[in-house]
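Trainee: Predicted model, plus sequence, below.
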Amino acid sequence: MADPILTLSGVKADIDQYHILHGVDLTVPKGELTVLLGRNGAGKSTTLRTIMGLTTLTGGTLTYQGQDISRWPTPKIARAGIAFVPESMGIFGLLTVRENLVLAAVNGPMDEARLQWIFDLFPPLKKFWDKSAGTLSGGQKQMLAIARAVIEPRDLLLVDEPTKGLAPAIINDLADAFEQLKAQQVSILLVEQNFNFSRRLGQTVAVMNDGAVVHAGTMAELAENDELQQDLLGLGLGAHQ
Amino acid sequence: MTEETTAMPMSDTGAERQRRRPIEWLKDVRDNKAHLFLLGIMLLASVAVIDFRTWLVLTISGVAMGAMLFLMASGMTLTFGLMSVLNLAHGAFISLGAFAGGTVLAFWLDGFAGSPSFLLNLVAIVPALLFAAVVAGVVGLVFEKLVIMPVYGDHLKQILVTVGGSIILMQLIEVVWGPNEIPVTRPDSLSGAFFVPEFLPLIGGIVLEKYRLVAVVLGLAIYAAMLWVIDRTRIGILIRAGVESREMVEVQGYRIHLLFLGVFVAGSALAGLGGVMWGMYKELLTPHMGDEMMISVIVVIILGGLGSIRGCFYGALLVGLINLYIGFVEPRLAAVATVGLMVGVLMWRPQGLIPVIKV
């Protein structure tokens, strides 16, 4: 396994009075795509939000590229090279596609070559460049959300269920985009319920249950072992295949 | 194209619809450009009942009033839209600006202000405007840190502490400037009026107060500048994004609190600017002058749609105009008209004329 870019050890987090994460131990290897699986309510999204500093950490440590980022505010984490695409996609619907990307390019004007690469990946973004993002379709919004995360080179992408509710053709486009990002050695932590999509892309995998990681290993190992899949993912898997 | 239009009547453009059916175009304006629709109705209805020359004077006065109201209200709508902060001390910042600017005009640079030369007047007016904005802005900075910061996200507490803060600010004004009302004479070149020559058709013989014209020009200039900032600059994009989702602005790597602080300071400075314009209009400064404007200010921002600069501008115009029109027809109804306008608009469009949708 490659060097870790991000390590969670014993991470705990609460939402209001509920304990959501009960000590998450997770290692995201550098330059690989890690899939975080688990049933609804297992704490996958909260794990991503805690890494991003959006949910307050109540115990444990987050180590990113050798630094302890447990207490860092969200903007500082973002500027350290972590991009987050939430499940709701979080695009600014009243802003145009262009303005969404202008904001995402925090370090100044957008790089032309990189923008061209994004247009090649997601042609609708070029077509609707000056349209307000709120009028885009679900798939196009997801494209914009991912484009926003990669408009500048980032070291780690946190992506929460990008395929949720999207048509198969668009899911294929997204898979292509992730393949290209993998080829660029970007580290990715992907929360997914779609096991076929995860199996195609994932190199390492972690499975969460009830606020903790219950299995971690390579995707190949999990993909071949039906019994393990049944054991870890249970009925949730069949429903999403 | 024509074939397509007949095949798909839903997809035609507004221009084509206008050619085919004026009624539909009107409905379209009513639904999509409610602010212009209402403004149009108000102008047409008033010009129908009021003599044209009087109407023209009233309209210009109403627009001037609207411009000053816009200056006073724009800061409050911004802080509410972006930060969801109900700052009921906004009126105290209006008073503060009026006193700061009035001090420059009446005491520090009174020589220039009293001179008949327009250029020398400017030497007093420009510093007065700037000083009012700076004083209100700096006090706004302190106020945000001390009073607003601990109550983010809780409207009830915001109402309580900002009302308290407003009382303190007004008392501080009394401490600094004394309890008496301070008369401020308008600079020479801003007092008096233009007489439109009698021989001109339609508008001949009307009298236009100079100061009102200045207020209109300044209000429009500041409105244009604000629109430019909001529409074209990165700060503007950030503000609009912040109105939608604070969290996602932070996820992009921006410190939203710095943005909040900046907007609060700018909003206070605008209140100060509006205050000094209002002070020069009234020519008399009292610590409560800003507070007295708060009803109108709140009506304007609710009418326009909380958080919307364009809405605030049109809301201010509507309030200014209806005040003057109704005040002319039946003076006792002027105050009722303002609130009545708000109630009417809210029944029709509960989000205000130009809503900023929170996602």
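Mentor: Cool, got the structure.

Trainee: For the rest of this, base every contact and every neighbour count on C-alpha atoms.
Mentor: Noted.

Trainee: next SSE after the helix or strand harbouring A:Ile5?
Mentor: Using DSSP states H and E, A:Ile5 sits in strand A:4-15. Later in the chain than strand A:4-15, the nearest helix or strand by DSSP H and E is strand A:18-29.

Trainee: which residues sit against that following strand?
Mentor: Residues from elsewhere that reach strand A:18-29, judged by C-alpha atoms under 8 Å, 6 or more residues apart in numbering or on different chains: A:1-14, A:34, A:43, A:46-47, A:59-60, A:187-189, A:206, A:210-213, A:216.

Trainee: now swap in stretch B:168-176 and tell me
Mentor: Residues from elsewhere that reach stretch B:168-176 (C-alpha under 8 Å, 6+ apart): B:92, B:95-96, B:99, B:287-288.

Trainee: In helices only, show me those.
Mentor: B:92, B:95-96, B:99 (DSSP state H).

Trainee: one step back: from the contacts of strand A:18-29, list the buried ones, please.
Mentor: A:4-14, A:34, A:43, A:46-47, A:59-60, A:187-189, A:206, A:210-213, A:216 (16 or more other C-alpha atoms under 10 Å in any protein chain shown).

Trainee: you'd agree A:Met208 is up against A:Gly38?
Mentor: Yes. Using C-alpha atoms under 8 Å, A:Met208 is in contact with A:Gly38, at 4.9 Å.

Trainee: Need the overlap of contacts for the two.
Mentor: Common neighbours of A:Met208 and A:Gly38 (C-alpha under 8 Å, 6+ apart) are A:Lys44.

Trainee: Now residue 211: closest residue in space, sequence neighbours ignored.
Mentor: As the question left the chain open, I've gone with chain A. A:Leu21 (4.1 Å; C-alpha to C-alpha, 6 or more residues apart in numbering or on different chains).

Trainee: you looked at the wrong chain, it should be chain B
Mentor: Nearest one to B:Tyr211, counting by C-alpha to C-alpha, 6+ apart, is B:Leu190 at 5.1 Å.

Trainee: Kindly report the same for B:Val229.
Mentor: Nearest residue to B:Val229, sequence neighbours excluded (C-alpha to C-alpha, 6+ apart): B:Gly236, at 5.3 Å.

Trainee: now the contacts of stretch B:168-176 in JSON lines, with pLDDT and distance to B:Gly204?
Mentor: Formatted as JSON lines, these follow (pLDDT from 0 to 100; distance: C-alpha to C-alpha, whole Å):
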{"residue": "B:Ala92", "pLDDT": "96", "distance to B:Gly204": "41"}
{"residue": "B:Ser95", "pLDDT": "96", "distance to B:Gly204": "38"}
{"residue": "B:Leu96", "pLDDT": "96", "distance to B:Gly204": "40"}
{"residue": "B:Phe99", "pLDDT": "96", "distance to B:Gly204": "38"}
{"residue": "B:Pro287", "pLDDT": "92", "distance to B:Gly204": "40"}
{"residue": "B:His288", "pLDDT": "92", "distance to B:Gly204": "39"}
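
Trainee: Compile those residues into TSV and extend it with columns for neighbour count and distance to A:Ile151.
Mentor: Output for these, formatted as TSV (neighbours: other C-alpha atoms under 10 Å in any protein chain shown; distance: C-alpha to C-alpha, whole Å):
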residue	neighbour count	distance to A:Ile151
B:Ala92	33	44
B:Ser95	33	46
B:Leu96	34	45
B:Phe99	29	49
B:Pro287	27	52
B:His288	17	51
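
Trainee: Let's have the residues you listed in a markdown table, adding distance to A:Met143.
Mentor: Formatted as a markdown table, the contacts of stretch B:168-176 follow (distance: C-alpha to C-alpha, whole Å):
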| residue | distance to A:Met143 |
| --- | --- |
| B:Ala92 | 47 |
| B:Ser95 | 50 |
| B:Leu96 | 49 |
| B:Phe99 | 53 |
| B:Pro287 | 55 |
| B:His288 | 53 |
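
Trainee: Please identify which of those residues is nearest to B:Val297.
Mentor: Nearest to B:Val297 among those is B:Ala92, at 12.4 Å by C-alpha to C-alpha.

Trainee: Please report the distance of that closest one from B:Val151.
Mentor: The spacing between B:Ala92 and B:Val151, counted by C-alpha to C-alpha, to the nearest Å, is 19 Å.

Trainee: Quick one: name the residues of chain B near chain A.
Mentor: B:234, B:237-238, B:240-241, B:244-245, B:247-248, B:250-255, B:359 (C-alpha under 8 Å from any C-alpha of the partner chain).

Trainee: Kindly write the ChimeraX command that selects the buried subset of those residues.
Mentor: Command for ChimeraX that selects the buried part of the residues of chain B next to chain A, burial taken from 16+ other C-alpha under 10 Å:
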select /B:237,238,240,241,244,245,247,248,250,251,252,253,254,255
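
Trainee: quick one: A:Leu125 and A:Val97 touch, right?
Mentor: Yes. Assessed by C-alpha under 8 Å, A:Leu125 is found in contact with A:Val97 at 6.9 Å.

Trainee: Helix, strand or coil: sort out residue 87 for me.
Mentor: I went with chain A, as the question did not name one. Three-state call for A:Glu87 (DSSP: H, G, I helix; E, B strand; the rest coil): coil.

Trainee: my question was about chain B
Mentor: B:Asn87 is classified as coil under three-state DSSP.

Trainee: Okay, buried residues for stretch B:338-353 please.
Mentor: B:338-339, B:341-343, B:345-346, B:349, B:351-353.

Trainee: One more: stretch A:167-184?
Mentor: The neighbour-count check on stretch A:167-184 (16+ other C-alpha under 10 Å) flags A:170-171, A:174-175, A:177-178, A:181-182 as buried.

Trainee: Looking at these, which is nearest chain B?
Mentor: Closest approach between the buried residues of stretch A:167-184 and chain B, by C-alpha to the nearest C-alpha: A:Leu181, at 19.1 Å.

Trainee: Now the closest one: which helix or strand?
Mentor: Short version, using DSSP H and E: A:Leu181 is in helix A:168-183.

Trainee: can you give me how far that helix is from the chain middle?
Mentor: How far helix A:168-183 lies from its chain's middle: 13 Å, per C-alpha atoms, centre = their mean, to the nearest Å.

Trainee: Okay, A:Arg200 and chain B: tell me how far apart.
Mentor: Separation of A:Arg200 from chain B (C-alpha to the nearest C-alpha, to the nearest Å): 28 Å.

Trainee: OK, now which residue of chain A is nearest to chain B?
Mentor: For chain A, C-alpha to the nearest C-alpha, closest residue to chain B: A:Pro75, 3.9 Å.

Trainee: Give the helix, strand or coil label for the spatially closest residue to that residue that is not a sequence neighbour.
Mentor: If the residues on either side of it in the chain are set aside, A:Pro75 comes closest to B:Gly253, at 3.9 Å by C-alpha to C-alpha, 6+ apart. Classification of B:Gly253 using three-state DSSP returns coil.

Trainee: residue ranges for the strands of the chain, please.
Mentor: Going with chain A. A:4-15, A:18-29, A:33-38, A:57-64, A:67-68, A:82-85, A:156-160, A:187-191, A:204-209, A:212-218 (DSSP state E).

Trainee: I was after chain B.
Mentor: Counting by DSSP E, the strands of chain B are B:182-183, B:193-195, B:207-209, B:284-285.

Trainee: Pull up the pairing partners for the third one, direction included.
Mentor: This means strand B:207-209. Partner strands and pairing direction for strand B:207-209 (DSSP bridges) are strand B:193-195 (antiparallel).
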